[in-house]
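**Q** sequence first, predicted model second:
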Amino acid sequence: MAEDNELRYDPAQIEPKWQERWAAEPRLYAAEPADCGKPKYYVLEMLPYPSGQLHMGHVRNYSIGDALARHMWMRGYNVLHPMGWDAFGLPAENAALKNHTPPREWTLSNIAGMKRQFERLGMGFDWATEVTTCLPDYYRWNQWFFLRMYEKGLAYRKKSKVNWCPDCATVLANEQVVNGCCWRHETTLVEQRDLVQWFFRITAYAQELLDGLDKLDGWPEKVRTMQRNWIGRSEGTEVDFAVEGSAEKIRVFTTRVDTIFGATSVQLAPQHALVAEFTAADARLKAQVDELLEQQKKAREAGDLGAIEKHGVPTGRFAFNPYNGQRVPIWVANYILADYGTGAIMSVPGHDERDFEFAMKYGLPIIQVIQPIQNVESVERLPFCSEDGVLMNSGEYDGLSCAEAQKRLQEAAALGGFGEATVTFRLKDWGVSRQRYWGTPIPMIHCERDGLVPVPDDQLPVLLPEQIEITQQGGSPLGRVPEFVNVTCPKCGGPALRETDTMDTFVDSSWYFYRYTDAKNAKAPFDPQVVKYWFPIDQYIGGVEHAILHLIYSRFWTKVMRDLGLVEIDEPVRRQFSQGMVIKDRAKMSKSKGNVVSPDDMVARYGADSARMYSLFAAPPDRDLDWQEDGVAGVSRFLGRVWRLVTKYAPVARSARGQQADAPTGISLKLLRKLHQTTAKITQDFEGRWHFNTCVAAIMELVNELQAADAQLAAGEVAAPVMHELLRTLVLLLAPFAPYLAAELWQTLGEEGAVLRAPWPGSNAELAREDELEIPVQINGKLVTVVRVAMDATQQAMEAAALGDEKVLSRTSGKSVAKVIVVPGKLVNLVVK
RNA sequence: GCGGAAGUGGUGAAAUGGCAAACACACUAGCCUUAGGAGCUAGCGCCCAAAAGGCUUGCGGGUUCAAGUCCCGCCUUCCGCACCA
């Protein structure tokens, strides 16, 4: 059957051919200048780390974004759809250790390979704006921004306890510590070390970052909630307790100042400055505190600081409650965090779970100062932690509600000069120093005479030396390159040393999407006018794993740039979408589980269109997707049906190009109706609902209906102009999801130009309308039968049709119909008694 | 503990208060054939021999003419945060 062979969909024939043509025509996916007259649309997917291989999560991410970009192109928008590489980072150094390949070489060759994968998948990226973060023309601007932030006091250095991963031999940000372990080495415990580090003052924007979330209504609630929790705003009061026999004061932070008359001790974090003073003259106390520190360290390293067993030691010293002069003991406790609030608390066992537990353990007094408002019996046991009560045992404040008392006590503290209302954030400044090689060098110089000296702008970029031996020794690898380290001080000309730390790679990804708009600019990170045109990003798409780190840093960076006068916007991203994970056999794909599916393999077996379309079809985009190869095969068979259908009837359709169809009737009307319904559904979904799985299903339904009418089509019962509209529109609808097949069939239909530039089909509501409807008839809410009525049937007509139905008659005989509910176009429900 | 999302056939899922299970996968039976990982036809939630009929969206209540969908209370799973004072 030679004919059957001809009618065979073969993506291996179709796809490489179009890939070649597209590569030869780079303007196809390029954005146009601002004066092109079209509305702009910036669709962005998170850029990949060039590990060497795209994985299925990437395929899904970019299939979603590419479908959207293609749709917007067809809708006539000026679309910016760029791609780049988050190319700095540790894996390149690990690879260097393993195979002695220089990180730069390893990275660039991975990029080349992954770019080939992208092209083979048919992704419509504008490669002219490609950004590679490890190249000097990009990272020099990291350095430039760093200097601007240094000038503004937003970049600073301080000694601090840092998270140290012994495997990475570097510092980690708080955000990179997962359950006490390194985010890269899931079983390696993170240690605490003291180092002088560079920080970005993200806390200066804490309130604005929090407030901004309320306005980001195009963002998933989940992401906004995660960021709110991460910022962790907490309102409270700081109060000074004077230390007996000393000029020192202990400032405590509390959210429940209304309970302060119940404070029976003050608790200090072991790292608190005053503790060192107390222990200096007391070796026994020092040993005890050291033990608390050790417990805390162990708990932190085990990842369950929350589960630490509470221990404390009395210092033998006392402090005074400023409100009532009450003398309370000062303790040091292992569960008090040095880096939250003031590192000191007042302990109120009567009204706090933890304080209660601690007081019971060490026999500290418990005083009730809040009288529950209701249900005295059910809450008579302490601790009573709700704010639903009134004060007692609190002097002049007795009888006040908790909320009112908090206000009054804050006022009293301010007036008395021993405290104030404060806001505390959980968010910490962003530690950006890394003792690694493969990152952006921090552009600072240490001069013995002038101290810290910024590298002058005209000496940027500070180039990363290329010839370097990567070893696993501690300390920064750059420190072992004398040509790099030894410089002359820009201020005094004397000998000086370069900073050898490099920047966290999250710096690179905090502003890369601005660079896309003006990627070749050698004078500035970008032209503010160009950015003004393209920003904010209309749609950002990426994995939920970046809900906190990347998406908070990016927002911070935009606000900093705004304050530097570089941009006018407050937020970089208008709409954010977090796609679900790709899993297999109910587990995340990973090498250790052996359940990894390779995109190359899928493309080789089924073609890029099938792999892409399956990734959209198998689940709604925001849900996890269980990869089932049989499903890919199914999509591939479907595309085969489309291919055969269009190929078979293309000659008829071509013959009618440009011809006007007569008013359709019969099967023509039926098929056109389905066509316009499908178009309406898909168009609507692109506008926000994004259930691309049902879009694909709708196209399948359309094709099924065409196929069911095959005998009539073959008999010529459908006029050529109708065939033309049916097939042409089908190809247009397919174009965002299966770009290769669409391009091929577009040509088969004799159409000229790129399908990508063809206008998205409109839906004719008149044609989409059914003229008859099947109306379910219920009795007391239960389905009894279905009656056919005209589309525009009146309520009376619908009621009559329902009441006249045989089944209805037999069930209502002898009973009375109390009420008839008629929902026009929907259903009839009879209330029968 | 706090916050978020979810729970529907053998499987992935659909249904924006109005016919639960669309569209697929898998499976079963049949056809076709240059045996292809192809194509075509039919069946496929559960109970019942079948039909008629009944039942069915984690559990229990409620609102409504009508609830997978809204409300209240539980259970389970996943995710984020967590002695944050």
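**A** It's in. Numbering: from 1, shown residues only, chains lettered A, B, ... in the order given.
**Q** going by the annotation, which residue ranges form each domain of chain A?
**A** According to automatic domain parsing, chain A comprises the domains A:2-140+A:507-588, A:141-201+A:429-506, A:234-424, A:628-768, A:772-832.
**Q** mean confidence score for the third one?
**A** Read that as domain A:234-424. Mean per-residue pLDDT for domain A:234-424: 90.
**Q** any residues touching stretch A:622-629, and which ones?
**A** A:56, A:60, A:220, A:577-586, A:589, A:597, A:615, A:618-619, A:690 (CB atoms under 8 Å, 6 or more residues apart in numbering). C-beta: built from backbone N, CA, C; applies to glycine.
**Q** can you pull the contacts of A:Val642?
**A** So A:Val642 contacts A:9, A:703, A:730, A:734, A:741, A:745 (CB under 8 Å, 6+ apart).
**Q** that one should be in a strand, yeah?
**A** No: using DSSP: H, G, I helix; E, B strand; the rest coil, the assignment for A:Val642 is helix, not a strand.
**Q** pLDDT wise, what is it at?
**A** pLDDT at A:Val642 comes out at 96.
**Q** could you do A:Gly543 as well?
**A** So A:Gly543 comes in at 90 (pLDDT).
**Q** what does A:Glu6 give?
**A** 52.
**Q** ok, the one 3 residues further on next?
**A** Among the per-residue scores, A:Tyr9 holds a pLDDT of 91.
**Q** would you turn the domains of chain A into JSON lines with distance to RNA strand B?
**A** JSON lines is the format used below for the domains of chain A (distance: least, CB to the nearest atom of the strand, whole Å):
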{"stretch": "domain A:2-140+A:507-588", "distance to RNA strand B": "4"}
{"stretch": "domain A:141-201+A:429-506", "distance to RNA strand B": "7"}
{"stretch": "domain A:234-424", "distance to RNA strand B": "3"}
{"stretch": "domain A:628-768", "distance to RNA strand B": "3"}
{"stretch": "domain A:772-832", "distance to RNA strand B": "3"}
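**Q** which among these is found nearest to A:Arg228?
**A** Checking the domains of chain A against A:Arg228 by CB to CB gives domain A:2-140+A:507-588 as the closest, at 10.5 Å.
**Q** circling back: quick check: ChimeraX command selecting the buried ones in the contacts of stretch A:622-629.
**A** Buried members of the contacts of stretch A:622-629, defined by 16 or more other CB atoms under 10 Å, are picked up in ChimeraX with:
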select /A:56,60,220,577,578,579,580,581,582,583,584,589,597,615,618,619,690
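**Q** secondary structure class for the nearest residue to A:Ala547 once chain neighbours are set aside?
**A** For A:Ala547, ignoring the flanking residues on the chain, the nearest one in space by CB to CB, 6 or more residues apart in numbering is A:Val223 at 4.4 Å. Here A:Val223 is recorded as helix under three-state DSSP.
**Q** who's in contact with A:Val223?
**A** A:544, A:547, A:551, A:576, A:578.
**Q** and A:Glu130, what are its phi and psi?
**A** phi -50, psi 140 (degrees, to the nearest 10).
**Q** quick check, A:Tyr41 in a helix?
**A** No: per three-state DSSP, A:Tyr41 lies outside any helix segment and is strand.
**Q** any regions of chain A where pLDDT drops low?
**A** Scanning chain A for pLDDT under 70 picks out the ranges A:1-7, A:173-176, A:179, A:301-304, A:374-380, A:472-474.
**Q** what kind of secondary structure is the nearest residue to A:Ile308 once chain neighbours are set aside in?
**A** The spatial neighbour of A:Ile308 that comes closest, neighbours along the chain excluded (CB to CB, 6+ apart), is A:Ala299 at 4.0 Å. For A:Ala299, the assignment made with three-state DSSP gives helix.
**Q** with A:Glu568 instead?
**A** Relying on three-state DSSP, one would call A:Glu568 coil.
**Q** so what's it closest to, chain neighbours aside?
**A** A:Lys532 (6.4 Å).
**Q** I'd say the one you found and A:Arg562 touch.
**A** No: judged on CB atoms under 8 Å, A:Lys532 makes no contact with A:Arg562 at a distance of 11.9 Å.
**Q** now do the contacts for the residue nearest the centre of chain A.
**A** Nearest to the mean C-alpha position of chain A, counting by CA atoms, centre = their mean, stands A:Ala547 at 3.4 Å. Remark: with contacts taken as CB under 8 Å, 6+ apart, A:Ala547 is in contact with A:222-223, A:226-227, A:578.
**Q** just the helices in the stretch 1-150 of chain A please.
**A** Remark: helices assigned in the stretch 1-150 of chain A by DSSP state H, counting those that start in this stretch are A:2-6, A:11-23, A:56-74, A:90-99, A:103-120, A:136-151.
**Q** scratch that, the stretch 551-700 of chain A is what I was asking about
**A** For the stretch 551-700 of chain A, the helices defined by DSSP H, counting those that start in this stretch occupy A:599-606, A:608-617, A:629-655, A:666-684, A:692-708.
**Q** what comes up buried for the first one?
**A** When you say that, I think you mean helix A:599-606. Buried residues in helix A:599-606 (16+ other CB under 10 Å): A:599, A:602-603, A:606.
**Q** could these be laid out in JSON lines, adding distance to RNA strand B?
**A** What follows is those, written out as JSON lines (distance: CB to the nearest atom of the strand, whole Å):
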{"residue": "A:Pro599", "distance to RNA strand B": "15"}
{"residue": "A:Met602", "distance to RNA strand B": "10"}
{"residue": "A:Val603", "distance to RNA strand B": "12"}
{"residue": "A:Tyr606", "distance to RNA strand B": "8"}
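**Q** pipe the residues you listed into a markdown table and attach distance to A:Arg21 per row.
**A** Shown next, in a markdown table, are the buried residues of helix A:599-606 (distance: CB to CB, whole Å):
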| residue | distance to A:Arg21 |
| --- | --- |
| A:Pro599 | 22 |
| A:Met602 | 23 |
| A:Val603 | 18 |
| A:Tyr606 | 21 |
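**Q** greatest separation within these: which pair is it?
**A** Maximum distance among the buried residues of helix A:599-606 (CB to CB): 10.9 Å, for A:Pro599 and A:Tyr606.
**Q** mind checking the SS state of A:Gln747?
**A** helix.
**Q** check contacts around it.
**A** Under the criterion of CB under 8 Å, 6+ apart, A:Gln747 has no contact partners.
**Q** check A:Ala656 too.
**A** A:719-721, A:723-724.
**Q** ok, back up a step: now do the phi/psi pair for the residue nearest to the centre of chain A.
**A** Recorded main-chain torsions at A:Ala547 are phi -60, psi -30, according to degrees, to the nearest 10.
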